[in-house]
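Novice: here you go, sequence then predicted model.
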Amino acid sequence: MSGTIHLRGVRLMGHVGVPAEERARPQELIADVELDIDIRRAAASDDVGDTVDYALVRDALHAVAARRSYALIETLAEAMAQEILRCFPVAGVRLLVRKPQALAHLGVEWPGVEIVRTRKAGRGMTDVYLALGSNVGDPRANLRAALAALGRECEVEAVSSLWRTEPVGYLDQSWFLNAAARVKTERRPAEMLAFLQGIEAAMGRERTIPNGPRTIDLDILLWSGGTIAEDGLRVPHPRLHERLFVLEPLAEIAADVVVPGLGRTVAELRAAASGAMRIEWAGAAPW
Ligand code: ADP
Ligand code: MG
């Protein structure tokens, strides 16, 4: 992130304390806030719409403090951090909430709680296994270009070797080059499929003959140990277990992963798949 916005000493009133008597009366709370935000756009436009309106951040903190009583500052701080992530386009927030009056009689200047919350941790990343295939033009270059496109928006964590494979179904076409990859994404499944289809389209894929020649084919094989049945999307991929050109590369990077619905590991499915289809190792992925 290329910037931090600070709001120091934000004074609020709230009902916070473990003893009921303390919670019954409002007391002063002081919040120090740091917001992780890319300020480059606002710096260029000089427009408050491109950054965070500081007064609105103060109002959001006030609303959380006034909403209810809290036994713990921990609970209040967590609620404030989540509200900030919900309302403002920040990547993360660091928040220190103090109760200056709470222990003054014991000679304690202030007790307080500091937390750091980031949007990524909140949304969660999912491990997804993908199949890549190409048999038009320069398949090796096509797989490399598709992986580069994936890498611009996902974390590409593992890539299998390349495998030269005999076409299945429609036989009057060149052999394919296939690979499998594991990526991490914040996308939901339908968004991921749309993203993959966008890469296919950008690389000039045309859907003419079923199982026919293609510049690039990107399929979702496995989605974080779960099953998906949506319009136009089935995961695990319904033909995964019968396709040696998928299982062979996938077994290199996911041998011990159990395929949901089939209850068997990728390695077991690979061993059981028919050997009729010809497949040749075509080298380590050159990236
Ligand atoms: P295939 O990959 O089976 O050779 P296509 O790439 O043309 O054929 O995909 C056909 C359709 O399969 C797509 O329009 C897509 O909606 C659907 N589909 C269903 N499940 C999946 C999946 N897991 N991954 C990719 N596409 C899928
Ligand atoms: Mg496909």
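Specialist: Thanks, I have the structure now. Ligands and ions are numbered 1, 2, ... in the order given.

Novice: hey, where'd the strands end up in this structure?
Specialist: 4-14, 27-36, 92-98, 112-118, 126-134, 155-159, 163-165, 176-185, 217-223, 228-230, 233-235, 258-259, 264-265, 279-281 (DSSP state E).

Novice: what is the burial count for L130?
Specialist: Close neighbours of L130, defined as other CB atoms under 10 Å, add up to 25. (Each C-beta comes from the backbone N, C-alpha and C, glycine too.)

Novice: and the residue lying closest to it once chain neighbours are set aside, what does it touch?
Specialist: Sequence neighbours aside, A181 is the residue nearest to L130 in space, at 5.0 Å (criterion: CB to CB, 6 or more residues apart in numbering). Going by CB atoms under 8 Å, 6 or more residues apart in numbering, A181 touches 129-130, 132, 147, 150, 156, 158-160, 253.

Novice: what do you get for W163?
Specialist: By CB under 8 Å, 6+ apart, the neighbours of W163 are 177-179, 245, 248-249, 279-282.

Novice: now it. Nearest residue, chain neighbours left out?
Specialist: N178 (4.9 Å).

Novice: could you double-check that the one you found lies in contact with V159?
Specialist: No - using CB atoms under 8 Å as the test, N178 is too far from V159 to be in contact (11.8 Å).

Novice: which one of those two is surrounded by more residues?
Specialist: N178 (28 against 24).

Novice: which stretches of this structure form helices?
Specialist: 20-24, 40-45, 54-67, 73-87, 119-123, 139-153, 189-202, 244-254, 266-272 (DSSP state H).

Novice: off-centre distance for the third one?
Specialist: Once both centres are worked out by CA atoms, centre = their mean, to the nearest Å, helix 54-67 turns out to sit 29 Å from its chain's centre.

Novice: which elements pack onto it?
Specialist: strand 4-14, strand 27-36, helix 73-87 (3 or more CB pairs under 8 Å, 6 or more residues apart in numbering; DSSP states H and E).

Novice: partner strands of the shortest one and their direction?
Specialist: Applying DSSP bridges to the sheet, strand 27-36 is found paired with strand 4-14 (antiparallel), strand 92-98 (antiparallel).

Novice: in that strand, what counts as buried?
Specialist: Buried residues in strand 27-36, counted by 16 or more other CB atoms under 10 Å: 27, 29-36.

Novice: also the longest one?
Specialist: Buried residues in helix 73-87, counting neighbours by 16+ other CB under 10 Å, are found at 73, 76-81, 83-85.

Novice: and stretch 69-88, how far from the chain's centre?
Specialist: 23 Å.

Novice: out of the helices and strands packed on helix 54-67, which is closest to ligand 2?
Specialist: helix 73-87 (35.5 Å; CB to the ion).

Novice: which residues of the protein lie near ligand 1?
Specialist: Counting by CB under 6 Å from any ligand atom, the chain comes close to ligand 1 at 193, 207, 211, 217, 219-220, 232-235, 237.

Novice: switch to 8 Å and redo it
Specialist: Residues of the chain lying close to ligand 1 by CB under 8 Å from any ligand atom are 131, 133, 193, 196-197, 200, 207, 210-211, 214, 217-221, 228, 232-239.
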